[in-house]
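> Give me the fold of what follows.
(2 chains)
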Amino acid sequence: MNKLIQNEMMKLIAKKRLIVIAIIIGVLVMLFTYAQYKQVQTQREKLGTSDWRTILQQQIVDTTNRLSSSRMTDEWKKQLQISLQQQKYYLDHDINPTEPGAPTFMRIFLESSIDLFIPLMVMVIASDLVSSEHSLGSIKLLLTRPVKRWKVLLSKYLTLCLAISLVIAITGILSYIISGVVFGYKGWGAPILTGFNVTDTGLNTSEVKLLSLWKFLLMDFGLVWFVAIVVGTLSFMLSVLIRSTAAGMGVMLAALISGAILSNMVSSWESAKYFFMVNLRLTDYMKGTAPPIEGMNLSFSMMVLFVWWAVALFVSFFVFTKKDVY
Amino acid sequence: MFHILTMIKLKKRPERMSFMNKNVIRSITAIAVLFCLLWLIGLGWAVGEYYAGKPEKVPEAKTVSKKVENKKGLTIVALGDSLTRGTGDETGKGYVGDLIDEIKDKTKRPVQLTNLGIIGQRSEQLRSQVQETEVGRQIQKADIVLVTIGGNDLFRGGQGLSDFKTDEIATIEKKYLDNLKFIFDQIRKYNSNANVFFIGLYNPFIELDQGKEMSKVVRQWNYDSAEVSAIYPKIVFVPTFDLFELRVNDYLYSDKFHPNSKGYRLIAERVASLLTW
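Residues are numbered from 1 along each chain as shown, chains lettered A, B, ... in the order given. Model (predicted):
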């Protein structure tokens, strides 16, 4: 088994996928760093201060005024109210929600890339793991060896899990190193609040906890990893089912993008919460924003993702061991 | 046992042979396994913390920190209702924005504005707003404080037009004056040096049928507000009633209640002429 994994790993590295992904992540992080830097600067110019309390107070007042506008959907209003209460809570407890520094940038980058960007990167690796063997013709060589088929597939799957772990690690390391140049490398111990509960009546702050940013980041990473594994397994399944890599990627891409669009408009279509793609934003539960559909929480989303994961894994192994290869 | 496949791969790309040795692969795999475990721990921790973690009491910041920043600029804090916000001004600036523009023309010092106006705010809401710690800190830093309040107490979105003759208006005014005193007390408590400009009310309904009677109520209201302002040092009551007395519709927005750009300009000019430095 170990040798099989080593072999798969070698193939993966030979394809230079990881390097390509690292370059993509690096470029994107640079773009975001610059964008954020510009944003901070314009804000400073506009308000004439860099004092976070003043800026936060101003944001609270601005949000309050936006809430009084009548042309606003109910969901949007609710989201604004929740973020307003959260901002007030931060201000009342004298905690800066966006402590400047590379760790905060990392947190924001992770939170905003969990539902589209990271899954896309994972897809790049996962979607041709099996189908490329078809197109190269090497699948026959692989399967004529005296090894059980499920072992071959398992080695591929485990390699995928390892590669995903590496991609997440690369994301973390690159975003820390690159953004640190601008924002500084400190801020691991900055306090951050978690445990906001979104209820029908608004935001429940009775269970709020104070965490160090590094702990919070490790949790965020864990959740991102889980999402990446699920998405990876799904595209792995497609790679087994569909011979054409491009078609498999297309299907997965469509699903991911539809998820990003759906979560903005499904609040009235309740059964949509069983789709995997509206459940990808796990880190939002840690942060405490309103879920896209009422009644969703961390364990619900993780359960849904787990079921999709299990089914995808089962289907891939079932099909791969049974199908005729020609 | 899979070396045949490896050989095929390597034969196709012989240039990789040199650096793709077994040790590199092995160490990359080992690193990947380590990260895999680390993320697994993070995941477990996140779930555990989300469900089992006990809430901690997060200390609340009660005291206004006495540390005043080393400032070179002019700090302006605007408190109040939609007039402070600039509702009705097509440019979105309101009298506060116009005033800032004028100040910037006259002085080279950097100007910092914190606009805390909330649309529809009444005196009791402002009363609770000035008690917030952070608002207190903002006032403490200020060189100039601008206040508009009372319009929503009196007019109540037009309802004021129907019941201004009743005794109720007296009770409302009494409450309002009480709140106003409290607000001024609070401002002076945080900051005894800043110049406070309290903008009076105008009568947007002056050209309606009951305009004359309404004007009387507004004048009384303004008179009492000016009396309250006079109790405190450096709180200046700025009348606006006369600005809107003739041709009120030229200076009102299409809602016939808030000023338009021209109306705000008038108020800003009046306040600007009172500024000292």
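> Which residue ranges of the stretch 101-250 of chain B form strands?
Using DSSP state E, counting those that start in this stretch, the strands of the stretch 101-250 of chain B run over B:111-115, B:144-148, B:195-199, B:235-238.
> Which among the ones you listed is found nearest to residue A:28?
Comparing the strands of the stretch 101-250 of chain B against residue A:28 with CB to CB, the closest turns out to be strand B:111-115 (34.4 Å). To be clear about C-beta, it is placed using only N, CA and C from the backbone, and glycine gets the same treatment.
> Show me what that closest one packs onto, helices and strands only.
helix A:17-47, helix A:52-67, strand B:74-80, helix B:94-106 (3 or more CB pairs under 8 Å, 6 or more residues apart in numbering or on different chains; DSSP states H and E).
> Compute the inter-axis angle for the shortest one and helix B:94-106.
Pointing back at strand B:74-80 there. Angle, strand B:74-80 to helix B:94-106, by axes from the mean of the first three to the mean of the last three CA atoms, to 10 degrees: 170 degrees.
> What segments of chain B are helices?
Taking DSSP state H, the helices of chain B run over residues B:3-12, B:22-51, B:82-85, B:94-106, B:123-129, B:133-141, B:151-155, B:160-163, B:168-190, B:211-231, B:261-274.
> Give me the nearest residue to residue A:253, chain neighbours excluded.
Nearest non-adjacent residue to residue A:253, counting by CB to CB, 6 or more residues apart in numbering or on different chains: residue A:123, 7.2 Å away.
> Give me the contacts around whatever helix or strand that neighbour lives in.
If you go by DSSP states H and E, residue A:123 is part of helix A:117-126. The contact list for helix A:117-126, computed with CB atoms under 8 Å, 6 or more residues apart in numbering or on different chains, reads A:12, A:17-18, A:20-21, A:24-25, A:28, A:160, A:163-164, A:167-168, A:171, A:224, A:227-228, A:231-233, A:235-236, A:239, A:249, A:252-253, A:256, A:280.
> What is the neighbour count of residue B:157?
Residue B:157 has 9 neighbours, counted by other CB atoms under 10 Å in any protein chain shown.
> thinking again about what came up before, the strands of the stretch 101-250 of chain B: lowest mean pLDDT?
Ranked by mean pLDDT, those bottom out at strand B:111-115, which scores a mean of 88.
> Parallel or antiparallel, which strands does that one pair with?
Strands that pair with strand B:111-115, judged by DSSP bridges, come out as strand B:74-80 (parallel).
> So for the partner strand, mean pLDDT?
Averaged across strand B:74-80, the pLDDT comes to 91.
> Same check on stretch A:84-103?
For stretch A:84-103, the per-residue pLDDT averages 87.
> Check whether it comes near chain B.
Yes - counting by CB under 8 Å from any CB of the partner chain, chain B has neighbours in stretch A:84-103: A:91-95.
> Tell me where the model's unsure across the stretch 51-200 of chain B.
Applying pLDDT under 70 to the stretch 51-200 of chain B flags the ranges B:53-59, B:61-71, B:164.
> Residue A:52: what's it in contact with?
A:96, A:98.
> Tell me the spacing between it and residue A:19.
Computed as CB to CB, to the nearest Å, the residue A:52 to residue A:19 distance reads 38 Å.
> One more: residue A:121?
According to CB to CB, residue A:121 stands 12 Å off from residue A:19.
> Those two - which one has more neighbours?
Comparing residue A:121 with residue A:19 by other CB under 10 Å, the one with more neighbours is residue A:121, at 27 against 11.
> Check what pLDDT that one gets.
According to the prediction, residue A:121 has pLDDT 92.
> now residue A:235
So, for residue A:235, pLDDT stands at 93.
> Tell me, how many residues neighbour the residue lying closest to it once chain neighbours are set aside?
Counting by CB to CB, 6+ apart, residue A:126 is the residue found nearest to residue A:235 once chain neighbours are left out, at 4.1 Å. Using other CB under 10 Å, the number of residues around residue A:126 comes to 29.
> Name the next helix or strand downstream of the strand or helix carrying residue A:224, please.
Applying DSSP H and E as the criterion places residue A:224 in helix A:213-241. Going down the chain from helix A:213-241, the next helix or strand is helix A:245-262, by DSSP H and E.
> to the chain's geometric centre, what's the distance from that following helix?
Offset of helix A:245-262 from its chain centre (CA atoms, centre = their mean, to the nearest Å): 15 Å.
> likewise stretch A:249-263?
With CA atoms, centre = their mean, you get 14 Å for stretch A:249-263.
> Spatially, which residue comes closest to residue B:125, not counting chain neighbours?
Nearest non-adjacent residue to residue B:125, counting by CB to CB, 6+ apart: residue B:118, 7.1 Å away.
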